[in-house]
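Asker: model this:
(chains A and B)
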Amino acid sequence: MSADTVSVTGWGRTAPTAARLVRPRTYEEAAAAVRDCGARGGIPRGLGRAYGDAAQNAGGAVFDMTGLDRVHAIDADEGIVLCDAGVSLHRLMHVLLPLGWFVPVTPGTRYVTVGGAIGADIHGKNHHVSGSFSRHVLSLELLTADGEIRTVGRGTPLFDATAGGMGLTGVILTATVQLQPVATSLMSVDTERARDLDDLMARLTATDHHYRYSVAWIDLLARGTATGRAVLTRGDHAPLEALPERTRARRDPLAFRTSRLPAAPAFLPEGLLTRTSVGLFNELWYRRAPRARTGELQRMSAFFHPLDGVPQWNRIYGRGGFVQYQFVVGHGQEDALRRIVHRISERRCPSFLAVLKRFGDADPGWLSFPVPGWTLALDVPAGMAGLGAFLDELDEEVAAAGGRVYLAKDSRLRPELLTAMYPRLDDFRALRAELDPRGVFVSDLARRLNL
Amino acid sequence: MKDAFGIPQSLLVLGGTSEIALATARRLIARRTRTVWLAGRPSPALEQSAAELRGLGADVRTVPFDALDPDSHETSLGKVFAEGDVDMVLLAFGILGDQAHDEREPINAVRVAQTNYTGAVSAGLVSARALQTQGHGSLVVLSSVAGERARRSNFIYGSSKAGLDAFAQGLGDALHGTGVHVMVVRPGFVRSKMTAGRPEAPLATTPEAVATAIELGLRRRSETVWVPGALRVVMSALRHVPRSLFRRLPV
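Answerer: Next comes the predicted model:
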């Protein structure tokens, strides 16, 4: 088991802190690492895709769980996999697709671990149908602060605290996950444009239930009557008969094909993403999208994970890094959403990766983010003048509308707002106080927000 | 913890009555800072500063601290760090002295040097070790353009700041990669009670402007901050002016 003191950040590359990075290779090593982690505690970390400080622990230990990455068992009839928490969704896709199974939920990157997917209770384009990741987790094994390994089943308080619990209840070692059957590795995608925010919301409300997967890319730099214009891409797994005859795709319908460009260079200057450059990009993106197109066949990687095609894309924001802001407001709070979109648009935030989605039913995780309603996610360079105060104002709007921000993406929320956003926070704190009285599991996020 | 913009939640000010420090604290409290420790010699002014910051909604406590008594630093600052993480230490104490008078009374000159330099070396090292243990935090050191090149008119103060500046730069390099960020702030002439009654130098600035620059420096994780920014250029030119000419300059 190796251990080095290194500077650690999240995917947004803000607020670096130093920690001892410990990489356990066996469950025994993991248990020993938890027992010996010292006064400043430890926190599990997967592939580091959380944007903020969720998988950092200043002055303490960070458990790099990617060394525990075995797929233990696959039930190819029932579609159930038992694997280590350090296994990435990328790996699961490679292993499972040839067997006709797909992960039940995938976020915008497949380079997340199963443990991270549970810890952040991630959601994907199918949330309105399939809920968040934890809905498909049948059970998990959790290494708790006492160094013991517990089997945690669905419906227990410990499960609900762990799903979305940001790694603060313990280290997930393995998980048993129910999979989604697929006939091919291609997606059948419908694309359409929405001319403004109201048009977009109307389309999502009217027809989202026809699709398993749905998301809208929204142009937050468009102003005036075009405010909130968007490109909707919605679809489902393509059935075998949708694939054209006598093609490579038809001969090998379950092959998982991806393509990758070279990684973004390490030392890009700041200031590449300005209002002008992003505005131009957004304009082109919107214009090149068809007004309406149905049944286009796309690779899974292109449909779900376009950004994974550029390794280390987070470097394009330069050394100052970036902030991702994602919130959800409930149904009936459309006015709050409109106000926020208008404010962002008026503020001219250079955001080129904004995504709007309509969530379905919530899952029981106490700190799980999704609730039924509208979620908007946007990236902004951290160096934008006045961004901190501006996002604070948006927080107020979100909280007033009964909404919340996503902890896996947070790097700057004011702690006072957290209880209003997550009403089960007191239960979470009480469970942790009982399960982990010495406070072994702690992260920069937990310190900052007093979780 | 600091947020994505480098704004601390807890702040320790060494030199709790410094106008620059208080302007900075006010700015940071308006953003995120909730806990403030004001360290300084016990005085009504220190309590008054604390009361003012409390009025802004922060939890403010005062700590007895004397730059001239390095033996006590370990104990007095240790108490603060024992109470919880400190996200930012602002090393703001310093005295200007009176150049003409101090040239005649060397003991006074030594007091300037001991406050500004040796006191800061001790407090800086004590703070740095505590920050390194917690694995994060910013140590912001108030240096001065006066330390960039000694001037006839205030070389006693200037030399003490030159020592402090070099010390802080070295400390920043020593702490690179430990999660601790050291930022050296070099203001020009700052209009404050410390400089009241003195002839104003060109590019004079205010405590509020220095506070703004500090907030920006925290966000950028800068290692050196000049206030105003134009001084960076001016001083890099002045640094190369020949001595014979420099001593005749009206600066």
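
Asker: secondary structure element for B:Trp37?
Answerer: Element membership for B:Trp37 (DSSP states H and E) is strand B:35-40.

Asker: Moving C-terminal from that strand, which element do we reach first?
Answerer: Using DSSP H and E, the helix or strand that follows strand B:35-40 in sequence is helix B:44-54.

Asker: Just list what that following helix packs against, helices and strands only.
Answerer: Taking 3 or more C-beta pairs under 8 Å, 6 or more residues apart in numbering or on different chains; DSSP states H and E as the contact definition, the neighbouring helices and strands of helix B:44-54 are helix B:19-31, strand B:35-40, strand B:59-64. C-beta here means a position set from N, CA and C on the backbone, and glycine is covered the same way.

Asker: Contacts for that helix, please.
Answerer: Applying C-beta atoms under 8 Å, 6 or more residues apart in numbering or on different chains, the external contacts of helix B:44-54 come out as B:Gly16, B:Thr17, B:Leu22, B:Ala25, B:Arg26, B:Ile29, B:Val36, B:Leu38, B:Gly40, B:Val60, B:Arg61, B:Thr62.

Asker: can you tell me which residues contact the residue lying closest to A:Arg35 once chain neighbours are set aside?
Answerer: Among residues not flanking A:Arg35 along the chain, A:Gly147 sits closest, at 4.5 Å (C-beta to C-beta, 6 or more residues apart in numbering or on different chains). Neighbouring residues of A:Gly147 by C-beta under 8 Å, 6+ apart: A:Ala31, A:Ala32, A:Val34, A:Arg35.

Asker: change it to 6 Å
Answerer: Applying C-beta atoms under 6 Å, 6 or more residues apart in numbering or on different chains, we find A:Gly147 in contact with A:Ala31, A:Val34, A:Arg35.

Asker: Ok, A:Gly115 next?
Answerer: Taking C-beta under 6 Å, 6+ apart as the definition, contacts of A:Gly115 comprise A:Gly46, A:Met65, A:Ala85, A:Ile172.

Asker: ok, now B:Ala109?
Answerer: Contacts of B:Ala109 were listed using C-beta under 6 Å, 6+ apart, and they are B:Asp102, B:Ile156.

Asker: Can you list phi and psi of it for me?
Answerer: The main-chain torsion angles of B:Ala109 are listed as degrees, to the nearest 10 and equal phi -60, psi -40.

Asker: Can you name the residues of chain B that neighbour chain A?
Answerer: By C-beta under 6 Å from any C-beta of the partner chain, the residues of chain B that approach chain A are B:Met1, B:Lys2, B:Asp3, B:Ala4, B:Phe5, B:Thr133, B:Gln134, B:Gly135, B:His136, B:Gly177, B:Thr178, B:Gly179.

Asker: In space, what's closest to the closest residue to chain A within the stretch 151-251 of chain B - neighbours in sequence excluded?
Answerer: Of the stretch 151-251 of chain B, the residue with the smallest distance to chain A, taken as C-beta to the nearest C-beta, is B:Gly179 at 3.0 Å. Nearest residue to B:Gly179 in three dimensions, chain neighbours excluded: A:Ala18, at 3.0 Å (C-beta to C-beta, 6+ apart).

Asker: Next, count neighbours for residue 222.
Answerer: Because you didn't say which chain, this covers chain A. Other residues near A:Ala222 come to 21 when the count uses other C-beta atoms under 10 Å in any protein chain shown.

Asker: Correction: the question concerned chain B.
Answerer: Counted with other C-beta under 10 Å, residues neighbouring B:Ser222 total 17.

Asker: cool, the one 5 residues further on as well?
Answerer: Applying other C-beta under 10 Å, we find 26 other residues in the vicinity of B:Val227.

Asker: Let me see the contact set for it.
Answerer: When contacts are counted by C-beta under 6 Å, 6+ apart, B:Val227 is found next to B:Pro187, B:Thr205, B:Ala209, B:Val210, B:Ala213.

Asker: Just these: which are in helices?
Answerer: B:Ala209, B:Val210, B:Ala213 (DSSP state H).

Asker: and the closest residue to chain A within the stretch 1-150 of chain B, what does it touch?
Answerer: In the stretch 1-150 of chain B, the residue found nearest to chain A is B:Gly135; the distance is 2.9 Å by C-beta to the nearest C-beta. Counting by C-beta under 6 Å, 6+ apart, B:Gly135 touches A:Thr17, A:Ala18, A:Ala58, A:Gly59, B:Gly179.

Asker: Show me those residues that map onto strands.
Answerer: Secondary structure defined by DSSP state E assigns A:Thr17, A:Ala18 of these to strands.

Asker: and the contacts of B:Gly135 as CSV, adding neighbour count, pLDDT and distance to A:Leu179?
Answerer: Listed next are those as CSV, based on neighbours: other C-beta atoms under 10 Å in any protein chain shown; pLDDT from 0 to 100; distance: C-beta to C-beta, whole Å:
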residue, neighbour count, pLDDT, distance to A:Leu179
A:Thr17, 26, 97, 37
A:Ala18, 24, 97, 39
A:Ala58, 29, 98, 38
A:Gly59, 25, 97, 40
B:Gly179, 24, 95, 40
